[in-house]
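> need a structure here:
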Amino acid sequence: MPTNPAISSPPKAPMGPGSFEKAVFWDRIARKYAASAIADEAGYERSLKRVLALLSPSQQVLEIGCGTGSTALRLAPGVGQMLSTDVSDEMIAIAREKLAARPLANLRFAVADADAPCHAEEAFDAVLAFNLLHLVDDLAGALSSMSSALKPGGLFISKTPCLGLMNPLLHWIALPVMKALGKAPPVQVFDASELESAIRQAGFEVLSVEWHASKGKDVRPFIVARKPLKTSAPGVP
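Below is the predicted model of the structure:
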């Protein structure tokens, strides 16, 4: 398969106004994060299975907010080429360590901020964003950039914690205190319907909203959306 230059040689990513603060937080907890267990293993596996069913071996895939790369390493064997990015140098360093231990020629990791992406336009067949959208500074701007990176007809697949579905005391009291103590990053509060609306407003067609949790209250909708195909103006071939 020909190498996609958007993956093999991605341009150096600019960093947004809040990039440094985000990077410092995630750099500091990266090793602890990498060692932590998945809270809902069955729900995670259900999501992975669904994503793999939506992707194909010929596709060029971009993952934004890849963390330490565990999901990318699971998905990459099922696609053509994959670029996975994160704002944290330390997260990407861990991801590259994992890749070195389990080499995959079609997977590359790079540092990039979801709020200031620098990806070639219409270069990818699918864009993935797992546990990310509540962490961006500008949701509309990030979604617009993700749409720009997609080819017409490409898929945008996300799974997002919706704090608006959780106990209000969490985002009114607990999170502000934790953030002040350096124990939590800045987060956005929205519910599933507000998130779906934002994705639609970014120009996507929402194909499905699914819930994959195997226990407890599910507050993380799994949303599959598609960038519309280009249509010609009347009378234009």
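> Was I right to think Pro77 contacts Ala105?
No. Using CB atoms under 8 Å as the test, Pro77 is too far from Ala105 to be in contact (10.5 Å). In this view, the C-beta of every residue, glycine as well, is placed from N, C-alpha and C.
> Compare those two and say which is more crowded by neighbours.
Pro77 (12 against 7; other CB atoms under 10 Å).
> Next, work out how far apart Gly156 and Ile199 are.
That one is not Gly; residue 156 is Phe. Distance of Phe156 to Ile199, computed by CB to CB, to the nearest Å: 7 Å.
> quick one, phi psi at Leu170?
Per-residue torsions, Leu170: phi -60, psi -50 (degrees, to the nearest 10).
> Quick check: phi and psi on the nearest residue to it once chain neighbours are set aside?
Once flanking residues are discounted, Leu170 sits nearest to Leu163: 6.6 Å by CB to CB, 6 or more residues apart in numbering. Dihedral pair for Leu163: phi -70, psi -20, per degrees, to the nearest 10.
> what sits against Leu163?
Leu163 makes contact with His134, Leu170, His171, Leu175, Val187, Gln188, Val189, Phe190, Val219 under the criterion CB atoms under 8 Å, 6 or more residues apart in numbering.
> Going through those, which ones are buried?
His134, Leu175, Val187, Gln188, Val189, Phe190, Val219 (16 or more other CB atoms under 10 Å).
> Now intersect those residues with the helices, please.
With DSSP state H as the criterion, helices contain Leu175 from among these.
> wait, which of the buried ones among the contacts of Leu163 is closest to Lys230?
Of all these, Lys230 sits closest to Phe190, with 29.6 Å by CB to CB.
> gap between the closest one and Ala202?
Per CB to CB, Phe190 is found 14 Å from Ala202.
> Which elements pack onto the longest helix seen in the chain?
Counting by DSSP H, the longest helix found in the chain is helix 19-35. In terms of contacts (3 or more CB pairs under 8 Å, 6 or more residues apart in numbering; DSSP states H and E), helix 19-35 is packed against helix 89-101.
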